[in-house]
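[1] missing the sequence, but the structure's below:
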């Protein structure tokens, strides 16, 4: 009897711990397959320093991007740029969806044709470049690209949690590109 009780407690713990994060921001949807996208930028390598042009200290435009390995059955791509090192928890810099899965690449500052952008944590719609507090160690900026089997049904004021909820169960593949950026103390 004791063995059955232990199994039940372990199973219940697994179910409860898998219910999302405690911040209420939603958890990242996992791909329904093991397919991975390749996300690159000619502006910086994965793990490299993001050039000033793409930050709040520069032109504050999105970097040029290329995505390969999109599954042929994908209906849409979605981008989510986040700073997991922000002082008050993960900060969303950009969320965009309904991107043509065959687009392949975007130029610097390009708004994907036909795509919709949501509200970032600056309280604005569209791209908001890296802007960590002055003097902090460089922050990581993680761009996650999702290939989905349907176009998310979202409004222009959608948040990160809304996007992640819409992608849940519809993600075919993901890929990431991580850059770093820090600002000098005054």
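    Received the coordinates, thanks. Since we're looking at a predicted model, the values are computed, not measured. Numbering: from 1, shown residues only.

[2] Thought residue 76 was touching residue 96, still the case?
    No. When contacts are counted by CB atoms under 8 Å, residue 96 is not listed as touching residue 76 (10.6 Å). Every residue, glycine included, has its C-beta placed from N, CA and C.

[3] The protein: helices as residue ranges?
    With DSSP state H as the criterion, the chain has helices at 2-17, 160-167.

[4] List the buried residues for the shortest one?
    Judged by neighbour count using 16 or more other CB atoms under 10 Å, the buried positions of helix 160-167 are 160, 162-167.

[5] Check stretch 131-139 too.
    Applying 16+ other CB under 10 Å to stretch 131-139 flags 131-132, 139 as buried.

[6] Let me know the average pLDDT across it.
    Average pLDDT, stretch 131-139: 95.

[7] how distant is that stretch from the center of its chain?
    Taking the mean of its C-alpha atoms, stretch 131-139 sits 20 Å from the chain's own mean (CA atoms, centre = their mean, to the nearest Å).

[8] repeat for stretch 179-186
    Taking CA atoms, centre = their mean, the mean C-alpha location of stretch 179-186 is offset from the chain mean by 21 Å.

[9] Go ahead and name everything in contact with it.
    41, 44, 46-50, 55, 57, 63, 130-141, 143 (CB atoms under 8 Å, 6 or more residues apart in numbering).

[10] shaky segments in this protein?
    1-34 (pLDDT under 70).

[11] Any idea what the most centrally placed residue in the chain is bridged to?
    When the chain is reduced to its mean C-alpha position, the nearest residue by CA atoms, centre = their mean turns out to be residue 80, at 2.6 Å. Beta-bridge partners recorded for residue 80 (DSSP bridges): residue 95, residue 144.

[12] State the distance from residue 158 to residue 107.
    Residue 158 is 24 Å from residue 107, where distance means CB to CB, to the nearest Å.

[13] Done for today, thanks.
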